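> task: produce atomic coordinates for the following.
(one chain, ligands or ions: 2)
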Amino acid sequence: MALLDIQHLNVRLATRAGMVAASSDVNLRIRHDERLGLIGETGCGKSILGHALVGLLPENAVATGKIIYDGENLLAQPEAALQNIRGRHIAMIFQDPHSSLNPVLTVYEQLMEVYRYRLKVPRQSIRAMTVHLLERVGIDAERLDDYPHQFSGGMLQRVMIAMAIAFQPRLLVADEITKGLDRPVKWKIVNLIREVTARRSMLLITHDLQVARALCDRIAVMYAGEIVEIDRTERIFHGPAHPYTQGLIGALPAAGLHPIAGQPPGLTRLPAGCRFHPRCKVRERACSQRHPQLRPLGEDRYVRCI
Ligand SMILES: Nc1ncnc2c1ncn2[C@@H]1O[C@H](COP(=O)(O)OP(=O)(O)OP(=O)(O)O)[C@@H](O)[C@H]1O
Ligand code: NI
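Numbers count the residues shown, from 1 in each chain. Ligands and ions are numbered 1, 2, ... in the order given. The predicted structure is shown next:
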């Protein structure tokens, strides 16, 4: 059985411009001890999907379908139950440390807040636990009383990782955690993520296909709110089945940097038929008429193409 089973998830966001279809009939399983990548162009709904898993959707969101964890549908749980799951079972590493950390608190004070909120233990033990936690992510104990602005981007990302693993969650949702980092720092963070996810599951949301390749067992490709392909990582890179995935791989430097022509559709006005057909190089007449389903294409392989 999967650790997390997303079934027929639809997320709609009410905006002035109309309803944004951020997730459309998403079916996705995250297995035990698996790192699953989620890739796709900007605005295709990756972060909204990630937030749905931790019960942190924006107020204007309406979600239907099921997110099954431990036999329970998270979408049907009251906030109190979700608070118990968040952090302890499913934790998110947020995109931007600068906006997620409080600038007027030292790193120790922020981590203490994280612990104090959950555990009724004396201050002394919290200090020791915090030192231990920071050591796990490669930060010296002597930096404990520094403020966020005294840390580099890579070090702040380590603090964010520490906060996310503080309660040993079974699933980490990591959203663009290497964004904006210099190359060497980025690969150090990748190695740290590999270490801290050695015996847990992760959904890794990223634009960086090389990072996804280095970390993930399987990759799900999202386009205009839909999953269009799921496969084992190496097959995604060596023999992608969906023309959109082929386009993403073809846009990599190693493949000659050929971007996919055109833009993704706005999520308030989706094209009929296959959502990718206006940009697809191999489209046929039926592609503008029939909306393809995600269908199995061999073991562990799914594609949404006619
Ligand atoms: N709070 C919100 N209210 C209304 N629309 C939103 C809200 N948050 C996101 N959206 C819209 O939902 C869609 C999906 O956004 P999301 O942030 O999930 O995309 P993404 O794939 O994570 O993009 P990126 O790669 O740029 O982070 C976008 O069209 C976005 O404009
Ligand atoms: Ni995002």
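> the closest residue in space to P97 that isn't next to it in sequence and ligand 2, how far apart?
Nearest non-adjacent residue to P97, counting by CB to CB, 6 or more residues apart in numbering: L156, 3.8 Å away. The C-beta positions use only the backbone N, C-alpha and C, and glycine is treated the same way. L156 is 19 Å from ligand 2, where distance means CB to the ion, to the nearest Å.
> correct me, but I189 touches Q157?
Yes: the pair I189 / Q157 is scored as a contact, 5.5 Å apart, by CB atoms under 8 Å.
> of the two, which one has the most company?
Between I189 and Q157, counting by other CB atoms under 10 Å, Q157 is the more crowded of the two (26 against 23).
> quick one: that one is in a helix?
Yes: under DSSP: H, G, I helix; E, B strand; the rest coil, Q157 sits within a helix.
> mind listing what it touches?
P97, I177, T178, L181, I189 (CB atoms under 8 Å, 6 or more residues apart in numbering).
> pLDDT at it, what is it?
pLDDT, Q157: 93.
> now it: how far from D145?
19 Å (CB to CB, to the nearest Å).
> give me the common contacts of I189 and Q157.
With CB under 8 Å, 6+ apart as the test, I189 and Q157 both reach I177, T178, L181.
> check which residues of stretch 67-82 are buried.
For stretch 67-82, burial by neighbour count (16 or more other CB atoms under 10 Å) applies to I67, I68, Y69, L74, L75, Q77, L82.
> for stretch 198-210, same thing?
Buried-residue list, stretch 198-210, by 16+ other CB under 10 Å: R200, S201, M202, L203, L204, I205, T206, D208, L209, Q210.
> ok, now which ones touch whichever residue of the stretch 101-250 of the chain sits closest to ligand 1?
Ranked by CB to the nearest ligand atom, the top residue of the stretch 101-250 of the chain for proximity to ligand 1 is H207, at 5.9 Å. Taking CB under 8 Å, 6+ apart, we find H207 in contact with I39, T42, E176, K179.
> which of those residues count as buried?
Buried among the contacts of H207 by 16+ other CB under 10 Å: I39, E176.
> mind giving me JSON lines with the contacts of H207 and columns for pLDDT and secondary structure?
Below are these laid out as JSON lines (pLDDT from 0 to 100; DSSP: H, G, I helix; E, B strand; the rest coil):
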{"residue": "I39", "pLDDT": "98", "secondary structure": "strand"}
{"residue": "T42", "pLDDT": "96", "secondary structure": "coil"}
{"residue": "E176", "pLDDT": "94", "secondary structure": "coil"}
{"residue": "K179", "pLDDT": "91", "secondary structure": "coil"}
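> contacting residues around the residue of the stretch 51-200 of the chain found nearest ligand 1?
Closest contact between the stretch 51-200 of the chain and ligand 1, by CB to the nearest ligand atom, is at P58 (3.5 Å). P58 makes contacts with L13, I48, H51, as judged by CB under 8 Å, 6+ apart.
> and the last one, helix, strand or coil?
Of the three states, H51 takes helix according to three-state DSSP.
> can you give me the pLDDT of it?
On the pLDDT scale, H51 is placed at 96.
> report the contact partners of it.
Going by CB under 8 Å, 6+ apart, H51 touches L57, P58, M92.
> return the list of helices and strands in contact with the helix or strand encompassing the last one.
When you say that, I think you mean M92. Using DSSP states H and E, M92 maps to strand 90-93. Strand 90-93 is packed against helix 46-53, helix 153-165, strand 171-175, with contacts defined by 3 or more CB pairs under 8 Å, 6 or more residues apart in numbering; DSSP states H and E.
> neighbours around whichever residue of the stretch 1-150 of the chain sits closest to ligand 2, how many?
Nearest residue of the stretch 1-150 of the chain to ligand 2 (CB to the ion) works out as S47 at 3.0 Å. Using other CB under 10 Å, S47 has 18 neighbouring residues.
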